[in-house]
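> Here is the input, now give the coordinates:
(chains A, B and C)
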Amino acid sequence: MSWKMWSLKKSPWVFHVNSGACNNCDIEIVNCLTPKYDIERFGIKLVGSPRHADALLVTGVVTKQAKPRLLEVYRQTPKPCVVFAIGACACDTGIFRNGYHVAGPVDKVIKEEDPNAIVVFVPGCPPKPEAMISGVVKALAALPA
Amino acid sequence: MKQQELENKLEQIKDKLIGIEKKSDTRIYLDCESENAPDVCRYLFEDVPLRFVIVTGIDAEHAFEMLYHFSNDETGTVVTVKAFIRERENPSIESVAPFIPGAEWIEREVHDILGIDIKNHPNLKRLILADDWPEGVYPLRKEVKQ
Amino acid sequence: MVEQTLHNILWLLVYPGFIFTLAIGVIASYVVRKVSALVQWRVGPPVIKEGRILQSFYDIIKLLGKETLIPRDAQQIVFLAAPLVGFAGVLLLSTMLWRISFTGQPYIGDIIVAMYLSILPSLALILGSSASASPHAAVGTGREMKLVMSYELPLALAFIVVIIKTGGTLNLAAIAASEPAPIWSISGFLAFFLALLCIQAKLGFVPFDIAEAETELGSGVLMEYSGALLAIWKMMQAMMLVALPLLLVMIFLGGFHVSTPWLTLVGILKYVLILVLIILIKNTNPRVRIDQAMKFFWVYCGIALAVAVVLAMCGNYYNISWL
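Model (predicted):
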């Protein structure tokens, strides 16, 4: 296993991006980072700058207005990095499927910029913090070396 | 103010309205034409006075409707001014932002989404549609198909 | 001559310099995380399972494996050199302090050199963040500059108290070996407590972490750093967690002697005591604003330390050792 991926699995630092969400998933993400769920056990830390991050937690269907900004944040995240699409809207546009403002689900938007991006789906509306933790841990264990 | 006092005050601008509709004790609709709407709003905001809540824009079949919602916090009554804009091709209405500063952004949003031209607005720029959205396409109008 | 230089390089890089201090720093930062977690009634990273005791080490390795992005508008030379300057300062400081503790003989410097070297990391932080062309980092730079100007004076005054009490010697080895330790006196105790708060600000811990975690969900002075450069900053922070409490132990608590196993154990307990005090202050206080911090250091600490200096001089003049 390459040492870069191994060390990324040991200490993933996350940065939270809202690309047009209703804020429900954002509240659950912030909930997840409180002492009750204690994700410091996994070495996960919330950082304030995408340049420090290994994992982007993207919520919300990507609106046409948010798309260039989301891609800019993705470019600023040093590779290797993982993109987590949190919530039904981020996974596959959810209830906004034919909306006039939708630019696409997160994985389609990110793959335009970088076809080799690693995108992990955590469905739910909003996903419970336990579901998010379980999703992140399983994804980190299953990442290709 | 109390409910009775509010109703007395609403009687005083009856001449500018088409009708007063009371869906319930706490929900009063004042119907008027679009030319009178800013005057009624100014009366409600400054003379009664009520607290401005939000503006709603609706594309009803026969006309555009602009609803200005005002709240009487003591009794929980919401008074709504329903302004009909009969002209479907180039709808326009006078802005209330000069005397209600909080209405500035919501009027920008209604202009973006429904295409109602707000006259005398201090800053009628694009607010919520994407930067590269084509001009003249108003998403929430009924005839716009995807 | 060549042999001495090679010896010096080995001391700097392996033992007791870089590798040794970094190892202790990693374990010390794990202790900080675990105790903070227990104080907050949560479990925190497990000790043995998954090897989380080396969590800071994994952080550093991971950062070394990521790409280093440099902003286009940044001042490139200063941006790249700043972390190295800070790292060099901490490296030299920790090597110097460990050598003095282990051999009991003066090595290169004395208390003034220690003060100068301990300023280098903060200075490097200011330079590095002002070289990143980012408005967030610029705000952090201004605040860090004000904070550094505030706490350096009380720290110097606290050291002066100890210098007076040990009879005017600047020699760190002599201060570390002085009997009784300066803390067993009123002025010494006051100076120790206020120096502990200054060290808290220097390490960048709450309540004085105004520069780095300034808007906790925002960014800070290190906003534009990524990859290998950020790894150097993290290594610097881990090593500061060893070097600065060690400096306090040597100056106030009577040194870290290793001549017998019992004394080594006592030395380790002294270091752990300071670490625990730092952790407790960290977990029981909110972050203060920059103007509150400046007022605290200039007014309250300054007056208290002026009183302590006067008490120390009186005690020295009249030969009262507990004053």
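
> Do you have the helices of chain B handy? List them.
B:3-11, B:37-42, B:104-114 (DSSP state H).

> could those be laid out in CSV, adding distance to chain A?
C-betas here are computed from N, CA, C, even on glycine. Output for the helices of chain B, formatted as CSV (distance: least, C-beta to the nearest C-beta, whole Å):
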stretch, distance to chain A
helix B:3-11, 35
helix B:37-42, 28
helix B:104-114, 10
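
> These: which one's closest to chain C?
Nearest of the helices of chain B to chain C, taken as C-beta to the nearest C-beta: helix B:104-114 at 24.7 Å.

> so which strand or helix has C:Ala195?
In the assignment (DSSP states H and E), C:Ala195 maps to helix C:186-203.

> Contacts for the helix or strand harbouring A:Pro68, please.
Assigning secondary structure by DSSP H and E places A:Pro68 in helix A:67-76. Outside helix A:67-76, the residues that touch it by C-beta atoms under 8 Å, 6 or more residues apart in numbering or on different chains are A:15, A:17, A:19, A:50-51, A:56, A:58, A:62, A:83, A:103-104, A:106, A:109-110, A:112-114, A:117, C:69.

> What residues of the helix holding C:Ala195 count as buried?
Residues of helix C:186-203 classed as buried under the neighbour-count rule (16 or more other C-beta atoms under 10 Å in any protein chain shown) are C:187-188, C:190-203.

> now swap in stretch C:119-128 and tell me
For stretch C:119-128, by 16+ other C-beta under 10 Å, it's C:Leu120, C:Pro121, C:Ser122, C:Leu123, C:Ala124, C:Leu125, C:Ile126, C:Leu127, C:Gly128.

> Now, those that are in helices?
Per DSSP H, the subset of the buried residues of stretch C:119-128 in helices is C:Leu120, C:Pro121, C:Ser122, C:Leu123, C:Ala124, C:Leu125, C:Ile126, C:Leu127, C:Gly128.

> which among these gets closest to chain B?
Of all these, chain B sits closest to C:Gly128, with 34.2 Å by C-beta to the nearest C-beta.

> Touching, the closest one and C:Phe79? I think so.
Yes: in this structure, C:Gly128 is within contact of C:Phe79 by C-beta atoms under 8 Å, at 6.4 Å.

> quick one: the lengthiest helix in chain C to helix C:186-203, angle?
Looking across chain C with DSSP H, the single longest helix is helix C:135-165. Helix C:135-165 runs at 160 degrees relative to helix C:186-203, counting by axes from the mean of the first three to the mean of the last three C-alpha atoms, to 10 degrees.

> how many neighbours does the residue in chain B positioned nearest to chain A have?
Closest contact between chain B and chain A, by C-beta to the nearest C-beta, is at B:Ala130 (3.7 Å). If you count neighbours by other C-beta atoms under 10 Å in any protein chain shown, B:Ala130 ends up with 16.

> ditto for B:Arg51
So B:Arg51, with other C-beta under 10 Å, has 13 neighbours.

> What about the nearest residue to it once chain neighbours are set aside, how many residues nearby?
Closest residue to B:Arg51 in three dimensions, ignoring its sequence neighbours and counting by C-beta to C-beta, 6 or more residues apart in numbering or on different chains: B:Ser71, at 4.9 Å. Close neighbours of B:Ser71, defined as other C-beta under 10 Å, add up to 17.

> B:Ser71 touches B:Ile54, doesn't it?
No: judged on C-beta under 8 Å, B:Ser71 makes no contact with B:Ile54 at a distance of 9.7 Å.

> quick one: the helix of greatest length in chain A near chain C?
In terms of residue count, the longest helix belonging to chain A (DSSP H) is helix A:129-142. No: judged by C-beta under 8 Å from any C-beta of the partner chain, helix A:129-142 stays clear of chain C, getting no closer than 11.3 Å.

> got any ranges where chain A has weak pLDDT?
For chain A, applying pLDDT under 70 flags the ranges A:1, A:145.

> Tell me how many other residues surround the closest residue to C:Gly220 other than its chain neighbours.
Leaving out its chain neighbours, the residue that sits closest to C:Gly220 by C-beta to C-beta, 6+ apart is C:Glu212, at 4.3 Å. When neighbours are defined as other C-beta under 10 Å, C:Glu212 has 20 of them.

> could you list every residue that touches C:Glu212?
Neighbouring residues of C:Glu212 by C-beta under 8 Å, 6+ apart: C:Gly140, C:Gly204, C:Gly220, C:Val221, C:Leu222.

> Dump those into TSV; add neighbour count and pLDDT as well.
Output for the contacts of C:Glu212, formatted as TSV (neighbours: other C-beta atoms under 10 Å in any protein chain shown; pLDDT from 0 to 100):
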residue	neighbour count	pLDDT
C:Gly140	28	84
C:Gly204	21	85
C:Gly220	26	76
C:Val221	29	81
C:Leu222	27	85
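
> and those, which two are the farthest apart?
The most widely separated members of the contacts of C:Glu212 are C:Gly140 and C:Gly204, with 11.2 Å between them, by C-beta to C-beta.

> re the thing from before, not counting its own residues, what contacts the helix or strand just after the helix holding A:Pro68?
Using DSSP H and E, the helix or strand that follows helix A:67-76 in sequence is strand A:82-86. By C-beta under 8 Å, 6+ apart, the residues outside strand A:82-86 that reach it are A:8, A:12, A:14, A:25, A:28-29, A:54-59, A:74, A:91, A:105-107, A:110, A:117-122, A:124, A:126-127, A:132, A:135-136, A:139-140, A:143.

> how far away is the most centrally placed residue in chain C from C:Ile119?
Central residue of chain C (C-alpha atoms, centre = their mean): C:Leu244, 3.3 Å from the mean position. According to C-beta to C-beta, to the nearest Å, C:Leu244 and C:Ile119 sit 11 Å apart.

> Tell me the confidence at the residue in chain C positioned nearest to chain B?
Nearest to chain B in chain C, going by C-beta to the nearest C-beta, is C:Pro135, at a distance of 21.9 Å. You'll see C:Pro135 listed with a pLDDT of 83.

> measure it to C:Tyr225 for me?
Going from C:Pro135 to C:Tyr225 by C-beta to C-beta gives 16 Å.

> Can you give me the neighbour number for A:Pro97?
Quick fix: residue A:97 reads Arg, not Pro. By the criterion of other C-beta under 10 Å, A:Arg97 has 11 neighbours.

> which bits of chain C sit near chain A?
Within chain C, the positions near chain A by C-beta under 8 Å from any C-beta are C:33, C:37, C:40-46, C:50, C:52, C:55, C:58-59, C:61-62, C:65-69, C:136, C:213, C:215-220, C:222-227, C:230.
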